[in-house]
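K.L.:
here is a sequence with its predicted model. Questions after.
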Amino acid sequence: MAATVTDFHYGAVTPLAAYLMAVLGSALGLRCTVRSVRKGPRGKKNGWLSLAAVSLGCGIWTMHFIAMMGFRADGTDISYDTRLTLLSLVVAIAVTAIGVFLVGHLGAGPKILASAGVLMGLGVAAMHYIGMSALQVHGRMRYDTVTVSLSVLIAVAAATAALWAAVTVRGLWSSIGASLVMGIAVTGMHYTGMAAVSVDVDHTAGTHAQSSIDQLSFLLTMVAGPVIMLVVAATVVMFDPDLVLGDEPSPAPR
């Protein structure tokens with residue numbers, strides 16, 4: 001029997017919180033990538049690129065699972081496989097690192113940008129659907145192929161735009177504007193993917209032991225680590241005056 005599903009069990013709270021996390025991750029990733037293009041030791045460049053990848057990956061992953069707090073299907077409790085949930089986090093950071101390091105070291109030429117954008121976008125989509133495969137319901141989940149394909153296209157477009165902005169946008173306010181747009185794109189990809197989901201509830205196979213409160217507690221526990229990483233990244237950025245106050249070097253004294 002097809003269940004009534006919703007992604008907005010808590011109203012606008014979860015989509016707004018998810019959007020803010022996507023914006024935060026995008027903003028930190030952009031600013032760290034901007035810092036990496038400054039001349040300096042190669043090790044520092046790689047350090048800033050790594051921090052950019054962690055920020056973007058954690059932001060995207062946290063957005064996904066905060067948004068999932070609002071997911072409900074009538075007639076079934078929901079639980080999550082811990083290993084697959086953590087695997088989706090690893091995938092999010094890894095694919096973001098591939099894209100960021102490609103454009104960070106090779107530049108944003110059309111071929112590099114397109115290749116990195118496709119790889120990162122497919123990886124983000126993989127993160128989303130690995131995270132969805134971790135979700136366990138009392139029945140069977142089905143996906144609409146056309147809507148899934150659309151969500152993947154949105155992920156590729158969003159990833160390409162993020163990488164382009166990371167090596168092109170310089171000013172603080174321009175980065176903030178780009179982050180706001182990126183937040184819309186990333187969150188839009190998630191809810192497009194969720195629009196593809198339908199659940200057939202099996203009323204004859206028993207019930208899941210995990211309640212809605214247990215589900216919420218699990219997700220809050222899962223997102224705690226990535227949120228802490230974003231706070232650490234934000235602290236690093238805050239203490240770099242070049243990133244906070246501007247990107248143009250001060251004129252040399254005459």
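P.N.:
Looks like it arrived, so ask away.
K.L.:
in stretch 131-139, what's buried?
P.N.:
For stretch 131-139, a neighbour-count test (16 or more other Cβ atoms under 10 Å) marks 131-132, 134-139 as buried. Placement of C-beta: from N, CA and C, glycine included.
K.L.:
which residues in this protein form strands?
P.N.:
With DSSP state E as the criterion, the chain has strands at 5-6, 72-73, 78-80, 135-137, 139-143, 197-201.
K.L.:
relative to Ile93, which of the ones you listed is closest?
P.N.:
Nearest to Ile93 among the strands of the chain is strand 78-80; the distance by Cβ to Cβ comes to 18.8 Å.
K.L.:
any idea of the mean pLDDT in the closest one?
P.N.:
Averaged over strand 78-80, pLDDT sits at 89.
K.L.:
same thing with stretch 139-153?
P.N.:
For stretch 139-153, mean pLDDT is 95.
K.L.:
in that stretch, what's buried?
P.N.:
139, 141, 148, 150-152.
K.L.:
dump these into TSV; add distance to Ser55 as well.
P.N.:
Rendered in TSV, the data for the buried residues of stretch 139-153 read as follows (distance: Cβ to Cβ, whole Å):
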residue	distance to Ser55
Gly139	37
Met141	31
Val148	27
Leu150	27
Ser151	23
Val152	23
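K.L.:
out of the residues you listed, which comes closest to Phe71?
P.N.:
Met141 (11.0 Å).
K.L.:
who does the closest one bridge with?
P.N.:
For Met141, the beta-bridge assignment (DSSP bridges) gives partners Val199.
K.L.:
my read is that it contacts Val197, right?
P.N.:
Yes. Using Cβ atoms under 8 Å, Met141 and Val197 qualify as a contacting pair, with a distance of 6.2 Å.
K.L.:
please enumerate the shared neighbours of those two.
P.N.:
Shared contacts of Met141 and Val197, defined by Cβ atoms under 8 Å, 6 or more residues apart in numbering, comprise Met132.
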